[in-house]
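K.L.:
I'd like to go over a predicted model; first the sequence, then the structure.
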Amino acid sequence: MEPREMPVAVFDSGLGGVSVLRELRKVMPNEDFFYFGDSLNAPYGTKSPEEVRALTIAHTKDFLAMGVKGVVIACNTATSAAVRKLRQMYPQVPLVGIEPAVKPAVEAYPKGRILVMATPVTIREEKLRHLIERYGGEAQVIPLACPGLMDFVEAGNIDSPEIYGFLRDLLYPYVGNVDGVVLGCTHYPFVRRAIEDILGPRTEIFDGGVGTAKEMKRRLAAADLLCKNTQKEGTIRFENSNKSQEKEALFYRLLKYDQKQHPTLQ
Ligand code: DGL
């Protein structure tokens with residue numbers, strides 16, 4: 001197959017990367033995507049960085065062997081654990097990871113208080129520390145590990161009393177005293193509505209998905225790998241290491257879910 005005709009792989013530990021896939025489709029509607037979720041091994045965020053690195057590298061190898069023209073690591077945890085190594089291994093491949101949107105949050109609130117919600121691995125890894133050192137400036141950036149939060153999304157449970165209860169317990173110290181919240185895990189945009197409801201309208205939410213999608217488009221354009229057929233509607237192929245039909249059904253529901261309009265999955 002001609003490289004330009006190949007799909008772009010989008011990878012996450014589960015279904016969270018769908019929040020990035022949605023942004024990718026907005027900026028590149030003609031491209032074909034291959035989405036792979038490793039729900040069988042999820043969550044990644046409570047594993048050791050070595051385990052996450054090994055899984056991410058193994059999956060990326062499979063995507064490239066299969067024939068994809070680029071890879072989006074749509075998982076902050078996998079990006080912090082493996083992206084450096086992957087770039088060394090595949091310098092030729094357009095390979096983009098996602099990282100917490102600390103920079104735009106600090107730009108919006110240079111002296112503000114910014115909460116970074118992410119998995120325990122992302123919070124502990126040096127990548128986030130470097131990001132805060134580099135872009136934190138005079139803002140007070142507060143990392144908050146949220147073990148257990150992604151599991152609600154993996155189960156399609158995003159607007160129940162349980163998720164509100166879980167988030168209220170987690171976020172009560174920050175109600176009314178943070179300017180921005182960075183969603184540092186790709187599962188969290190699906191509970192954005194609950195986070196907004198709890199923290200109130202004066203807290204702004206930042207999500208790295210849009211920047212990641214634009215970066216992938218830039219990288220493909222630089223390598224002259226963008227699909228030339230602007231009439232074509234891009235396709236999506238879904239695969240998950242957990243073969244259950246529920247995962248696939250939830251994937252398509254999340255893909256359509258409108259987080260701004262309505263909190264409920266249809
Ligand atoms: N969606 C992943 C992220 O962006 C992590 C979820 C997990 O713990 O597997 O960090």
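P.N.:
Yep, that arrived.
K.L.:
Please count neighbours and contacts with C-alpha atoms only from this point.
P.N.:
OK.
K.L.:
Could you check how far the residue positioned nearest the centre of the chain is from the ligand?
P.N.:
In the chain, the residue lying closest to the centroid (C-alpha atoms, centre = their mean) is Thr186, at 2.8 Å. Applying C-alpha to the nearest ligand atom, to the nearest Å, the value for Thr186 to the ligand is 4 Å.
K.L.:
Please identify the helix or strand for that residue.
P.N.:
Assigned by DSSP states H and E, Thr186 belongs to no helix or strand.
K.L.:
doesn't Gly16 make contact with it?
P.N.:
Yes - using C-alpha atoms under 8 Å, Thr186 makes contact with Gly16 at a distance of 4.7 Å.
K.L.:
what residues do those two have in common as contacts?
P.N.:
Each of Ala74, Cys75 lies in contact with both Thr186 and Gly16 under the rule C-alpha atoms under 8 Å, 6 or more residues apart in numbering.
K.L.:
in this protein, which spans are strands?
P.N.:
For the chain, strands defined by DSSP state E occupy the ranges 8-12, 33-37, 70-73, 95-97, 113-118, 140-145, 180-183, 204-207, 236-240.
K.L.:
quick one: the first one to chain centroid distance?
P.N.:
What that stands for is strand 8-12. Mean-position distance between strand 8-12 and its chain equals 10 Å (C-alpha atoms, centre = their mean, to the nearest Å).
K.L.:
So what touches stretch 149-160?
P.N.:
Under C-alpha under 8 Å, 6+ apart, the answer for stretch 149-160 is 14-16, 39, 43, 163, 166, 187-188, 190-191, 194, 250, 263-265.
K.L.:
One more pass at 6 Å, please.
P.N.:
With C-alpha atoms under 6 Å, 6 or more residues apart in numbering as the test, stretch 149-160 has contacts from His187, Val191.
K.L.:
Show me what from the stretch 151-266 of the chain comes close to the ligand.
P.N.:
Contact residues, the stretch 151-266 of the chain versus the ligand (C-alpha under 6 Å from any ligand atom): Cys185, Thr186, His187.
K.L.:
Make a markdown table out of these and add pLDDT.
P.N.:
As requested, those are arranged in a markdown table below (pLDDT from 0 to 100):
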| residue | pLDDT |
| --- | --- |
| Cys185 | 98 |
| Thr186 | 98 |
| His187 | 97 |
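K.L.:
separation between Thr212 and the ligand?
P.N.:
Taking C-alpha to the nearest ligand atom, one finds Thr212 at 12 Å from the ligand.
K.L.:
wait, does stretch 76-95 contact the ligand?
P.N.:
Yes - Stretch 76-95 lies within reach of the ligand by C-alpha under 6 Å from any ligand atom, at Asn76, Thr77.
K.L.:
how about low-confidence regions in the stretch 101-250 of the chain?
P.N.:
For the stretch 101-250 of the chain, no stretch has pLDDT under 70.
K.L.:
how about the helices of it, start to end?
P.N.:
Using DSSP state H, counting those that start in this stretch, the helices of the stretch 101-250 of the chain run over 102-108, 120-124, 126-135, 149-154, 161-171, 192-199, 209-222, 245-256.
K.L.:
Of all those, which one is nearest Asp179?
P.N.:
Closest to Asp179 of those is helix 102-108 (C-alpha to C-alpha; 8.9 Å).
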